[in-house]
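Asks: Here's a sequence, model it:
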Amino acid sequence: MSRPPNLSDLKKRIGIRKYLWLLGLLVLLLIDEFVKEGYFFNPSDVLIYGTHEFLATLDIIALILFFVYDITKPKNK
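Replies: Alright, predicted model coming up:
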């Protein structure tokens, strides 16, 4: 009989999951923008709060920050 997963089991695989969720969100945002507006990205809309471009930019920034953090964090031995 297997035991239910505990918090440490879930933390082991969260590294890859955060990237997949953020990349999936980015793809869905760009698809939705293309369907609604007819283009993927308009740089002039990046500074307008709540637009697809604004959210996609935040998503890209989060991906970069998570990547840099994962590379520079000290390894536990």
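Asks: residue ranges for the helices of the chain, please.
Replies: Using DSSP state H, the helices found in the chain span residues 7-12, 14-37, 52-72.
Asks: Pretty sure residue 60 sits against residue 29.
Replies: No. Residue 60 is beyond contact range of residue 29, at 10.2 Å (criterion: C-beta atoms under 8 Å). Every C-beta, even on glycine, is put in place using the N, C-alpha and C of the backbone.
Asks: Compare these two and say which one has the larger neighbour count.
Replies: Counted by other C-beta atoms under 10 Å, residue 60 and residue 29 do not tie: residue 29 has more neighbours, with 21 against 12.
Asks: quick one: buried residues of the helix-or-strand element of the chain with minimal mean pLDDT?
Replies: Least confident helix or strand of the chain, by mean pLDDT, DSSP states H and E, is helix 7-12 with a mean of 75. Within helix 7-12, no residue is scored as buried using 16 or more other C-beta atoms under 10 Å.
Asks: And for stretch 46-61?
Replies: 51-53, 55-57, 59.
Asks: Can you add pLDDT and distance to residue 42 and give the residues you listed back as TSV?
Replies: Listed next are the buried residues of stretch 46-61 as TSV, based on pLDDT from 0 to 100; distance: C-beta to C-beta, whole Å:
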residue	pLDDT	distance to residue 42
51	89	8
52	89	9
53	91	6
55	92	13
56	92	11
57	94	12
59	94	16
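Asks: Considering these, which is situated nearest to residue 15?
Replies: Distance to residue 15, by C-beta to C-beta, is smallest for residue 59 among the buried residues of stretch 46-61, at 17.4 Å.
Asks: Name the nearest residue to that closest one, ignoring sequence neighbours.
Replies: What sits nearest to residue 59 in space, not counting adjacent residues and going by C-beta to C-beta, 6 or more residues apart in numbering, is residue 26, at 4.8 Å.
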